[in-house]
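# Take this sequence and fold it.
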Amino acid sequence: MEVKIHFQSVVGSDEPSWVGVDSVILLAVIATLACLAREVYTWGFHLRGVPGPFWNTFTSNWTLFRKGFNGTLYDWEQQVNEKYGRIVRIGPNHVLTDDPEILKRVGGPRSAYTKSDWFAISTRFLAGAESTLTLGRYGQKDIHTSRRSLFASTYSGRDNNSPSVEDALNTQIAELVHAIDTKYAYTAPGLCNPCPFGVIGQYFTLDLTAAIIWSEPFGFLKQESDIGNYFQTLERFLPVRAALGSLSFLPLINPILEKFITPSPKDKVGLGHLEGIAQKKADARVKEIESGSKDVNSDMLTALITKGLRGKDLYGELVASSESPGAMLRIALALLVVTPTAYARLNAEIANASLSTPVTDAEARSMPYLQAVLRETIRLYPVPAEMYKQVPPGGDTVGGYFLPGGTWIGHNFRAMMRRKDIWGEDADFFRPERWIEAAKEGEGERFKMLCGVVDHGFGSGRFLCIGKSVGMMILGKTVVELLRHFDFAAANPERPITIDVYNLYLLRDQMVLVARKGKRDVKE
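Now for the predicted structure:
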């Protein structure tokens, strides 16, 4: 029996038109095929000619999700640039480049490129809150510029009477040295107590961040415990965040995901717990300032509040600080303890230098081999994230390929920092001497070029990391003070550290043996 559907005639006939189900199905199939054809055309021709893995032309979701979750995305991205060239298509709307000249163009001061929605997804750690990290997307240029200016002057302390960031760093370095000296350093054989420097270094970094912002550390280092299970929770959270970060449809579902997986200040554990502490500090400081109290600390938090930041705008900045300096510190020590020549040369430079106690930022920056060690560490382990920018409306021709407006272009820092045509055949190895050698070549032009390539890891123009100078100060001063006080050796030389990559470095299993140089620290 044939089932029929009744439609009124569209030509004015009084007679009904009967259409069979087969015809309806045929029309539906035709419409579906037309839609698919349109999508295939968009996928196939939107970035026509840009080389890359074939199936990623149609969808990259499974590849990026799987590799992001298991921590292999970083290695895979290096391989695709090595295979396909300087610019490669890794998704329907995603390209990746390891060309410093392209990154210079994208991040130039006059560039019309903006941040992509990747930043709203991968760098937001408080639902609904914007920060200098998330701002800068299409239509946000003015507010981003204003916020950067506010934060840059606040970091320096020149717009208030706050103690400098360097003073806060000196205090926390002293706490770090004291903790290692009294609990782990030994002066005689048989008294060895291996130091979990990977954990201690994490505690130091978070305490330093809090001390810089509101003049009081969280207390991780003093208690030597994972307050609120922050790091344990982070190990579970980062793989999920890394897996979701590059999905093509994530901007559509991100509001839902924020509700269910983004940390909340009400959480009893993890990042949300620290957010809760930060918000209580901020709310209490606002009340102090509004009450006219004369005992308000002159620190970064007070400066931000005085300049008008309130609510989520303020909260977002408090939890947006990067963990990168702490990761670089731990990686630098891991590289040094398994590279005896570099370790000995840096120790000699520190011993022979005329340094203040503690070493000043200016003194650390004037030490050639120390700076070579830091640059080499950052070169081998640059920021492990694509930092996708968005091509401006109207499109742009990049690396010989036309990229339509709205295309996401990612920065493949790892591949760029290990290109043999830039760094030489030993590009995969830790060799700080390459920087000393480059400085002696000609007029130092090669040294300037190499510094410029590494500096891309910090961004440029209006995308420049406002914490770059502070981060380098943290690294330089801390490394010097640690090596002035102690000798370090890897407890497990075959694997001095385990490094997993999930848009941030997740560092584990870093145990070191510590021998004191000179007398025991007597700080109470």
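# Name the residues of stretch 331-341 that come out as buried.
Using 16 or more other Cβ atoms under 10 Å as the test for burial, stretch 331-341 gives 331-339. Using the backbone N, CA and C atoms, a C-beta is placed for each residue, glycine as well.
# do stretch 103-119 as well
103-104, 106-107, 111, 113-119.
# Between the two ends of that stretch, how far is it?
For stretch 103-119, the first-to-last residue distance is 17 Å (Cα to Cα, to the nearest Å).
# and it, how far from the chain's centre?
In terms of Cα atoms, centre = their mean, to the nearest Å, the centre of stretch 103-119 is found 16 Å from the chain centre.
# What mean pLDDT does that stretch get?
Mean per-residue pLDDT for stretch 103-119: 88.
# Repeat that for stretch 409-418.
94.
# Check stretch 70-85 too.
The pLDDT scores in stretch 70-85 average 92.
# How about stretch 295-315?
The pLDDT scores in stretch 295-315 average 83.
# which SSE is residue 285 in?
If you go by DSSP states H and E, residue 285 is part of helix 270-290.
# The buried residues of stretch 103-119: which two are farthest apart?
Using Cβ to Cβ, these reach their maximum pairwise distance at 104 and 117, which is 23.3 Å.
# Secondary structure and distance to residue 449 for the buried residues of stretch 103-119 - can I get that in TSV?
Shown next, in TSV, are those (DSSP: H, G, I helix; E, B strand; the rest coil; distance: Cβ to Cβ, whole Å):
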residue	secondary structure	distance to residue 449
103	helix	14
104	helix	12
106	helix	18
107	coil	17
111	coil	21
113	coil	23
114	strand	28
115	strand	27
116	coil	28
117	coil	33
118	helix	29
119	helix	28
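# can I get these in a markdown table with distance to residue 359?
Converted to a markdown table, the buried residues of stretch 103-119 look like this (distance: Cβ to Cβ, whole Å):
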| residue | distance to residue 359 |
| --- | --- |
| 103 | 33 |
| 104 | 33 |
| 106 | 36 |
| 107 | 32 |
| 111 | 37 |
| 113 | 39 |
| 114 | 40 |
| 115 | 36 |
| 116 | 40 |
| 117 | 42 |
| 118 | 38 |
| 119 | 35 |
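# quick check, nearest of those residues to residue 422?
Taking Cβ to Cβ as the measure, residue 422 sits nearest to residue 103 out of these, at 12.8 Å.
# on that earlier part again, ok, then the element right after the helix holding residue 285?
helix 300-306.
# Alpha carbons of the helix or strand just after that following helix, as CSV, please.
Next along the chain after helix 300-306, taking DSSP H and E as the criterion, comes helix 311-318. Included here for helix 311-318 are C-alpha records, laid out as CSV according to Å, rounded to 0.1, in the frame of the first residue of the first chain:
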residue,chain,number,x,y,z
GLY,A,311,34.8,41.8,39.9
LYS,A,312,35.6,39.3,37.2
ASP,A,313,37.9,41.6,35.4
LEU,A,314,40.1,41.7,38.5
TYR,A,315,39.6,38.0,39.4
GLY,A,316,40.6,37.0,35.8
GLU,A,317,43.9,38.8,36.1
LEU,A,318,44.8,37.2,39.5
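# For helix 311-318, give me every contacting residue.
Contact with helix 311-318 is made by 124, 126, 128-132, 134, 151, 213, 265, 275, 278-279, 281-282, 301, 304-305, 309, as judged by Cβ atoms under 8 Å, 6 or more residues apart in numbering.
# Would you write out the PyMOL command that picks the buried residues out of these?
If you want just the buried ones from those in PyMOL, going by 16+ other Cβ under 10 Å, the selection is:
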select buried, resi 124+126+129+130+131+132+134+151+213+265+275+278+279+281+282+301+304+305+309
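# start to end distance for stretch 125-138?
Chord length of stretch 125-138, first to last residue, is 20 Å (Cα to Cα).
# Quick one: mean pLDDT over it.
75.
# Show me the contact partners of that stretch.
With Cβ under 8 Å, 6+ apart, stretch 125-138 has contacts from 114-117, 119-120, 123-124, 143-144, 147-148, 151, 258-259, 262-265, 271, 275, 312-313, 315-317, 319-320, 390, 462-463, 466.
# Tell me the buried residues within these.
114-117, 119-120, 123-124, 144, 147-148, 151, 258, 262-263, 265, 271, 275, 313, 315-317, 319-320, 390, 462-463, 466.
# Pull out the buried residues from stretch 441-454.
Neighbour-count burial for stretch 441-454 flags 446-447, 450, 453-454 (criterion: 16+ other Cβ under 10 Å).
# Let me know the closest of those to residue 228.
residue 454 (35.0 Å).
# Dump the helix or strand where the closest one lies to CSV, keeping only the CA atoms.
If you go by DSSP H and E, residue 454 is part of helix 445-455. Only the C-alpha atoms of helix 445-455 are listed here, as CSV (Å, rounded to 0.1, in the frame of the first residue of the first chain):
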residue,chain,number,x,y,z
GLU,A,445,74.5,39.6,13.5
ARG,A,446,74.0,35.9,13.9
PHE,A,447,73.6,36.3,17.7
LYS,A,448,71.0,39.0,17.1
MET,A,449,69.2,36.8,14.6
LEU,A,450,69.1,33.8,17.0
CYS,A,451,67.9,36.0,19.9
GLY,A,452,65.1,37.3,17.6
VAL,A,453,64.0,33.7,16.8
VAL,A,454,63.9,32.7,20.5
ASP,A,455,62.1,35.9,21.4
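# other SSEs contacting that helix?
Identification of packing neighbours for helix 445-455 by 3 or more Cβ pairs under 8 Å, 6 or more residues apart in numbering; DSSP states H and E yields helix 100-106, helix 368-380, helix 413-417, helix 420-423, helix 433-440.
# Of all those, which one is nearest residue 200?
Of all these, the one in closest proximity to residue 200, counting by Cβ to Cβ, is helix 368-380 (18.2 Å).
# Could I get the contacting residues of the closest residue to residue 472 other than its chain neighbours?
Closest residue in space to residue 472, ignoring its immediate chain neighbours: residue 374 at 6.9 Å, by Cβ to Cβ, 6 or more residues apart in numbering. Applying Cβ under 8 Å, 6+ apart, we find residue 374 in contact with 328, 332, 472, 475-476, 479.
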